[in-house]
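Novice: structure for this input, please:
(2 chains)
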Amino acid sequence: MIPLFYYLLLSGILFVCGVLGFLIKRNIITIFMSIELMLNGVNLSFVAFAAQWHALSGQVFVFFVMVVAAAEAAVGLAIIIAVYRTRETLNVDRVNLLKL
Amino acid sequence: MTSPISNPLLWTVPIVPLLPLAGAAINGFFGRQSSKKAISTVALVFCGLAFFAALLIAASFSSAAAPYSFPVAHWIRSGAFSADFDFYLDQLSLVMLLVVTGVGFLIHIYSVGYMWDDDGYYRFMSYMNLFMFFMLTLVLAKNYLVMFIGWEGVGLASYLLIGYWFTKDSAAAAGKKAFIVNRIGDFGFLIALFLMIKHFGSLDFTHVFTAVRTLPTETGGAGPLTAIGLLLMVGAAGKSAQIPLYVWLPDAMEGPTPVSALIHAATMVTAGVYMVARSSAIFDRAPMALMVVAIIGTLTALFAATIGIAQTDIKKVLAYSTISQLGYMFMACGVGAFSAGIFHLMTHAFFKGLLFLAAGSVIHGIGGEQDMRKMGGLRVYMPWTFATMGIATLAIAGIPPFAGFWSKDEILWKAFGASWVYWLIGVITAFITSFYMFRLMYMTFGGDYRGAAVQEAHGHDAHGRDEHGHGHGEPHESPGVMLGPLVILAVLSVVGGFVGYGNRFEHFLAPVFRVASTQVAQEASREAGDSTLEPLLMAISISVAGLGWLLAHLLYSRRPQLPARIAASLGGLYRAVANKYYIDELYAVLFVKPVVNGSTTILWHDIDQGVIDAAVNDSADAARHVSDNVRHMQSGNLRSYAGWVAAGAAVVIAYMVWMGVR
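Specialist: Numbering: from 1, shown residues only, chains lettered A, B, ... in the order given. Model (predicted):
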């Protein structure tokens, strides 16, 4: 069996990748994907712990996170489309006004 | 203490001070919008009512029933100590009440004429009424604390009126000087009050004096009563312009002339004499303090009189004369002859008030000039002023039967009883007084007019430019509203002395000073039994007055070029006298400079700028520097915030991991 440490390391790497992508990237879709990456990095650690301790709650939690993420993705993508329609750009640095 | 009061008239006493206060308030609040007529009416009516009330009080005053006391209001009640707002009327207060309201009313009338053209007329009248309120509070007080209110209040009114023309630098500075010098005296007075509270637990006159009477006389010169007496004298020296605190009075002449007459001659400056006389019971038990009073008074009388010789400003001569005459009053108090001091206070109020008012009339008549070297020959132009001022001069010089003769002779006689030294200095001073007063008369009214206006007016129309009130061509006599008070005061200067005839004045005041049976006073009364000595001394004082007149006549009327030559031959001595013995300069070097420099370098630069300002500024600077750096966190860039969140989270996690591992 693969030791827990490797799962956690991978989870951490994924999370950090997500954070860095969130901080560095300017394209709003990439940022959105980075958020998903962070969520899934966390999910990975949840399932790893769940497997380790034979506790189902971790697995259940992951389902909740995925549901929320799916809902978030639906809303978020809708917003992105709306933003693109009004501003014709996906660069977050140029989307700095709440009202045009 | 007699309980009030069978006579309803005496209930007017607490109202008397309130009348001028009402006048001051009305004119102060509404004067700006009122017409000058209305202002004059308010000021004169309230002041006149006070005088009328004082006359009613005097008419129903009964020596047998005195002293009366009038509780007005509870004031301070703290444990066993209490000081209420109470008024008190005995023979001494009654004399002061009549002098203050009477002379004050006359000067108010005069002011209407003198100040009519001034822009701040309502302000002037309001201040004058305010002064009357505080002065009446002072003389009617039943305890030292209420007296102190009046004492400070007249100082305030004096400050306001000296600096009345506050746009003039010299007037503003003179007002400040008077106020600050008086602070020194008031400080002494205040400490005397604290000592009284400490030793007697009260400030009430009756209470304190009763307690004092049970104490033995402090012969050694050290003890609480001596300390209280000396500190009271410090206060009196400040208010009444005695050595070493007299320097403010000559400068106070910057005020309008009616102010000089009312405050700086007739009433306020005599408050110190009144206070010492009022405290006669204390001084009676402290002969050392009383001796200091006598010495200060005697020295001041001589010192100020010598300065008066060489002054050329008509009001400055009168100012030094006032200081000198106040010295006489203190000399009288100091030898235990309190009633003689108060007698001189009263006659002095008449003739010195008159002298100032007449000087004001002269100044008014020649367009604001105060330098006697530019006057001369004015008897032709203003005969009424000349006549009245002449009477006042005869009175102050001590020529019988004018008022000053009686009171001054009384003082000299009592002083001789105490020590011939006081008497001798007093007689020398009387000679000098007579000399400088007749010098003033000759320079002002004798000879030919030396002012510029007449020469200009010669040949062409002298009255052409005279139409506009003060545009001044020829010297002119003052209006009737100013001459009236002059004439009344002149009459009083003639007959005022007769109230002292046959020691009636002394007997009237005797109940107040009955306790003051000092050794000196006893000696004085023993000497008084010697009937041949008194006419002799009287003859001497009359003849020195005559000599002074004669000398002034020789120098300033017969040979007017002589004084300049004498002055030149005296050289340094003359310059020293003309420059007031450089006392102002000496004080400047000894006290003013160190205080100003110390304040500038230590208090201002070092402490205020170096410590207080620096603490405030540096902490503000530090806050700004920190903020300057921290504000970069709030860039408005969303991703940098996210970065901070991530970094913060990383720190928290690292911490938890670190702690958890441990």
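Novice: quick check, central residue of chain B?
Specialist: residue B:269 (2.8 Å; C-alpha atoms, centre = their mean).
Novice: now that one: closest residue in space that isn't a chain neighbour?
Specialist: Among residues not flanking residue B:269 along the chain, residue B:240 sits closest, at 5.1 Å (C-beta to C-beta, 6 or more residues apart in numbering or on different chains). C-beta here means a position set from N, CA and C on the backbone, and glycine is covered the same way.
Novice: just give me the neighbour total for residue B:152.
Specialist: Using other C-beta atoms under 10 Å in any protein chain shown, residue B:152 has 17 neighbouring residues.
Novice: would you mind confirming that it is in contact with residue B:187?
Specialist: No: the pair residue B:152 and residue B:187 fails to qualify as a contact (C-beta atoms under 8 Å) at a distance of 11.6 Å.
Novice: and the helix or strand harbouring residue B:154, what does it pack onto?
Specialist: Residue B:154 belongs to helix B:144-162 when assigned by DSSP states H and E. In this structure, helix B:144-162 packs against strand B:81-89, helix B:121-140, helix B:169-200, helix B:224-239, helix B:257-261, helix B:271-278, with contacts taken as 3 or more C-beta pairs under 8 Å, 6 or more residues apart in numbering or on different chains; DSSP states H and E.
Novice: may I see the buried residues of that helix?
Specialist: Going by neighbour count (16 or more other C-beta atoms under 10 Å in any protein chain shown), the buried part of helix B:144-162 is B:144-148, B:150-155, B:157-162.
Novice: go on, stretch A:86-100?
Specialist: Quick answer for stretch A:86-100 (16+ other C-beta under 10 Å): A:90, A:92, A:95.
Novice: which other residues reach that stretch?
Specialist: Identification of contacts with stretch A:86-100 by C-beta atoms under 8 Å, 6 or more residues apart in numbering or on different chains yields A:26-29, A:31, A:80, A:83-84, B:636, B:638-639.
Novice: make it 7 Å
Specialist: A:26-29, A:31, A:83-84 (C-beta atoms under 7 Å, 6 or more residues apart in numbering or on different chains).
Novice: among the residues you listed, name the buried ones.
Specialist: If we count by 16+ other C-beta under 10 Å, those have these buried: A:28, A:31.
Novice: show me the contacts of stretch A:86-100 that map onto helices.
Specialist: Counting by DSSP state H, the part of these found in helices is A:28-29, A:31, A:83-84.
Novice: quick one: which of these is nearest residue B:126?
Specialist: residue A:83 (75.9 Å; C-beta to C-beta).
Novice: which positions in chain A make contact with chain B?
Specialist: For chain A, the contact set with chain B under C-beta under 7 Å from any C-beta of the partner chain comprises A:19, A:22-23.
Novice: is residue B:69 in contact with residue B:86, as I believe?
Specialist: Yes: Residue B:69 lies in contact with residue B:86 (C-beta atoms under 7 Å); the separation is 6.0 Å.
Novice: quickly list what's touching both of the two.
Specialist: By C-beta under 7 Å, 6+ apart, the residues touching both residue B:69 and residue B:86 are residue B:142.
Novice: what are the buried residues along the lengthiest strand in chain B?
Specialist: Among the segments of chain B that qualify as a strand by DSSP state E, the longest is strand B:68-78. Residues of strand B:68-78 classed as buried: B:68-70, B:72 (neighbour count, 16+ other C-beta under 10 Å).
Novice: next, format the contacts of stretch A:86-100 as JSON lines and append distance to residue B:336 and pLDDT.
Specialist: Formatted as JSON lines, those follow (distance: C-beta to C-beta, whole Å; pLDDT from 0 to 100):
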{"residue": "A:26", "distance to residue B:336": "105", "pLDDT": "87"}
{"residue": "A:27", "distance to residue B:336": "109", "pLDDT": "90"}
{"residue": "A:28", "distance to residue B:336": "107", "pLDDT": "90"}
{"residue": "A:29", "distance to residue B:336": "112", "pLDDT": "91"}
{"residue": "A:31", "distance to residue B:336": "105", "pLDDT": "91"}
{"residue": "A:83", "distance to residue B:336": "106", "pLDDT": "89"}
{"residue": "A:84", "distance to residue B:336": "111", "pLDDT": "91"}
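Novice: which residues of chain A fall in helices?
Specialist: Under DSSP H, chain A gives helices at A:4-24, A:28-53, A:56-87.
Novice: among these, which is the most enclosed?
Specialist: helix A:28-53 (a mean of 18; mean count of other C-beta atoms under 10 Å in any protein chain shown).
Novice: chain center to that one: distance?
Specialist: 6 Å (C-alpha atoms, centre = their mean, to the nearest Å).
Novice: equivalent analysis for stretch A:12-30, please.
Specialist: For stretch A:12-30, the distance to the chain centre is 9 Å (C-alpha atoms, centre = their mean).
Novice: which residues touch stretch A:44-58?
Specialist: A:4, A:7-8, A:10-11, A:14, A:59, A:61-62.
Novice: report how many residues lie close to residue B:502.
Specialist: 8.
Novice: what's the answer for residue B:327, then?
Specialist: Residue B:327: 29 surrounding residues under other C-beta under 10 Å.
Novice: likewise for the one 10 residues further on?
Specialist: Neighbourhood size, residue B:337 [other C-beta under 10 Å]: 30.
Novice: what's the helix or strand for the residue nearest to it when sequence neighbours are not counted?
Specialist: Distance criterion C-beta to C-beta, 6+ apart; nearest residue to residue B:337, sequence neighbours excluded, is residue B:414 at 3.5 Å. Residue B:414 is part of helix B:403-418 when elements are defined by DSSP H and E.
Novice: average pLDDT for that helix?
Specialist: Across helix B:403-418, pLDDT averages out at 90.
Novice: which element follows that helix toward the C-terminus?
Specialist: Going down the chain from helix B:403-418, the next helix or strand is helix B:420-445, by DSSP H and E.
Novice: which elements pack onto that next one?
Specialist: helix B:287-309, helix B:314-334, helix B:378-381, helix B:383-397, helix B:403-418, helix B:533-553 (3 or more C-beta pairs under 7 Å, 6 or more residues apart in numbering or on different chains; DSSP states H and E).
Novice: just name the most buried of those.
Specialist: It is helix B:314-334: most buried of these by mean count of other C-beta under 10 Å, with a mean of 28.
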